[in-house]
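Student: Kindly return the folded structure for what I paste below:
(2 chains)
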Amino acid sequence: MRPLSARSRFALSLASLGLGLLAWALLSVGVGRPELIPSPLAVGEAFLEMLASGEIWRAVAKSLWRVGIGYCLGVAAGIATGLVLGAFRLADVTVGPVFEFLKGIPPIALVPLFVMWMGIGELSKVSVIAYLVWIIVAISTAVGAREIPRIRLRTGATLGLTGFQTFRWVILPSTVPYILSGMRSALGFAFVALVSAELVAASSGIGQIILDARFSLQTARMVVGLLILGTLGAVTQALFDRFTSRLGLAYQRVH
Amino acid sequence: MKALWLAIIVVGLLLVWAAAAAQVGNPLLLPAPHEVFKAAATLWQSGDLSDHALASLGRLLVGLAVGVPVGACLGCLMGLNPVVDALLNPYVRFFNAIPALALVPFSLILLGVTEISRYALLVYTISLVVLLSARQGVRNIPRIRLKTAESLGIGRAATLFRVVIPSCFPSILAGVRTALGLGVMVIVAAEMLGADSGLGYLIMQARSQFSMANMLVGVIGLGLLSLLLDRAFVLGIEWFFPRWSIRRRVQA
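Tutor: Sure, this is the predicted structure:
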């Protein structure tokens, strides 16, 4: 089928969203139980109220702080681990299944363990995030370090590069695209880990707004929490793409 | 050779764990590996472990059985028809931005602490992932194939079955593989926040009993379960659809 023009595509999307909003409103009126399906208006009201009381800002600041610290620690550790694994080719072959096993453990299942070990404070939450990010970045970095075309390493050797020079001018640039793609998927998972930690052991943050709303049946507030979470995820992802696209392109050209 | 190295690494990790446990000296905080094995054996003998693992696995299979076809069909439809794509894409992008985990409390309110609410959550998660990959798969079909089909005049149905579906199948399979991992994550969350069976419930139960050993049994069991599922999926493709083997993409 023929592709649509950008304008008609936009109009269709907008109309679809409008219809969806209308359907939501009708559904909430029809069901008539705001604790099950709050109306769009109720959600808007809850949002304004939470905005005015400053609750939203506090929760966002807290959650972003946790994600930020955990993500940075995880990325640093992941790149280091991945490069080491990639450098010792045998280690990579063997640690692969181990890391995949670790990756397979849902972060939410780890939260009770981390809370037991590190207390219910910030440390356990940041650690869960850092842990998940670490594994994801380590795996993709290791894959990248392993997949460096043999010819580049040979060229480096022919040119008489020392060990460090090989690392700086051959291994690192070849691995950057893999590191970036690992960092990108880890960004999404950092929010998954954040929600896991805040749903199981929360005292603050967006996850706690959601969990609180569950027990007080203030579903409108829960929807606000979900919307904020989605927005944060989408915005950080977009910022990440914006900042890394140039870097990524630069390194693609090296290939 | 590879297996030998793997065995050495696993034994090494177990030794480090045992040494750490001896250092900590408190089985409530860090039980030694043999204590966790003992806990696993006890749970296995009482039938709890297999019951909980099967409960989680059963939910996952139901979610896959419903979610994969739904996601694949919707994704292909969006990829093929620009009008449907324009209508649905805003929603797909919107829901994709919200981690499915965060919807667990919402589904518990809307559908109650019931089996239905867990199935709904899984179907939602799995179909969304599969939809995205199916859509991408259809969009990435080389134009030349579609044009060739057109100029050969094989008709729309034949184009669908002989060009579109075979071309986007690998992408759908990759989506199913991602969905397996996400499905485990979501089902465990649902079981931890409101259920009376499943591995997630096992962990929460162990937590309330302060039984670190049982908690570790649950956590290690989950890691093994997702690793096995992933490997079984890859091998299954290899076996039944050698044409679409993803062995080359096993890593990361």
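Student: tell me how far the ends of stretch B:108-118 are from each other?
Tutor: Stretch B:108-118 has an end-to-end distance of 8 Å (C-alpha to C-alpha, to the nearest Å).
Student: Need the residues that contact that stretch.
Tutor: For stretch B:108-118, the surrounding residues in contact (C-beta atoms under 8 Å, 6 or more residues apart in numbering or on different chains) are A:35-37, A:214, A:217, A:219, A:222, B:59, B:107, B:120, B:187, B:190-191, B:193-195. Placement of C-beta: from N, CA and C, glycine included.
Student: which sections of the stretch 1-150 of chain B are below the confidence cut-off?
Tutor: In the predicted model of the stretch 1-150 of chain B, residues B:1 satisfy pLDDT under 70.
Student: quick one on the thing from earlier: most neighbours among the contacts of stretch B:108-118, which one?
Tutor: Of all these, the highest neighbour tally under other C-beta atoms under 10 Å in any protein chain shown goes to B:Ala190, namely 31 neighbours.
Student: Which helix or strand contains the residue of the stretch 151-252 of chain B found nearest chain A?
Tutor: Using C-beta to the nearest C-beta, the single residue of the stretch 151-252 of chain B nearest to chain A is B:Ser226, 3.1 Å away. Take DSSP states H and E as the rule and B:Ser226 turns out to sit in helix B:212-240.
Student: now that helix, how far from the centre of its chain.
Tutor: Computed by C-alpha atoms, centre = their mean, to the nearest Å, the chain-centroid distance of helix B:212-240 equals 10 Å.
Student: pLDDT on it, on average?
Tutor: Across helix B:212-240, the average pLDDT comes to 90.
Student: Equivalent analysis for stretch A:37-44, please.
Tutor: The average pLDDT within stretch A:37-44 is 90.
Student: Show me what counts as buried in that stretch.
Tutor: A:37-39, A:42-43 (16 or more other C-beta atoms under 10 Å in any protein chain shown).
Student: Tell me which residues are up against it.
Tutor: If you take C-beta under 8 Å, 6+ apart as the criterion, stretch A:37-44 is touched by A:21, A:24-25, A:27-29, A:31, A:34, A:46, A:219-220, A:223-224, A:227, B:110.
Student: Kindly export it (C-alpha atoms) in CSV.
Tutor: Extracted in CSV, the C-alpha atoms of stretch A:37-44 (Å, rounded to 0.1, in the frame of the first residue of the first chain):
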residue,chain,number,x,y,z
ILE,A,37,-11.2,3.3,35.9
PRO,A,38,-10.8,6.9,36.8
SER,A,39,-12.0,9.4,34.2
PRO,A,40,-9.4,11.5,32.3
LEU,A,41,-10.7,14.5,34.2
ALA,A,42,-10.0,12.9,37.5
VAL,A,43,-6.5,12.0,36.4
GLY,A,44,-5.9,15.6,35.3
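Student: Quick check: closest non-adjacent residue to the most centrally placed residue in chain B.
Tutor: Central residue check for chain B by C-alpha atoms, centre = their mean: the C-alpha nearest the mean position is that of B:Leu180, 1.8 Å away. Closest residue to B:Leu180 apart from its sequence neighbours, by C-beta to C-beta, 6 or more residues apart in numbering or on different chains: B:Leu229 at 5.3 Å.
Student: ok, so what distance separates that neighbour from A:Phe101?
Tutor: Counting by C-beta to C-beta, to the nearest Å, the gap from B:Leu229 to A:Phe101 is 12 Å.
Student: Which member of the contacts of stretch B:108-118 is positioned nearest A:Gly54?
Tutor: Closest approach between those and A:Gly54, by C-beta to C-beta: A:Met222, at 18.9 Å.
Student: Run through the residues that contact that closest one.
Tutor: Residues near A:Met222 by C-beta under 8 Å, 6+ apart: A:209-210, A:213-214, B:105-106, B:109.
Student: before we move on, back to that, please flag which of the buried residues of stretch A:37-44 sit within strands.
Tutor: Assignment to strands by DSSP state E places none of those there.
Student: Which residue would be the closest one in chain A to chain B?
Tutor: Nearest to chain B, among the residues of chain A, is A:Gly104, at 3.1 Å (C-beta to the nearest C-beta).
Student: my read: that residue touches B:Leu225, true?
Tutor: Yes. Under the contact definition of C-beta atoms under 8 Å, A:Gly104 touches B:Leu225, with a separation of 7.4 Å.
Student: Mind listing the shared neighbours of these two?
Tutor: Here A:Gly104 and B:Leu225 have B:Val184 as joint contacts, going by C-beta under 8 Å, 6+ apart.
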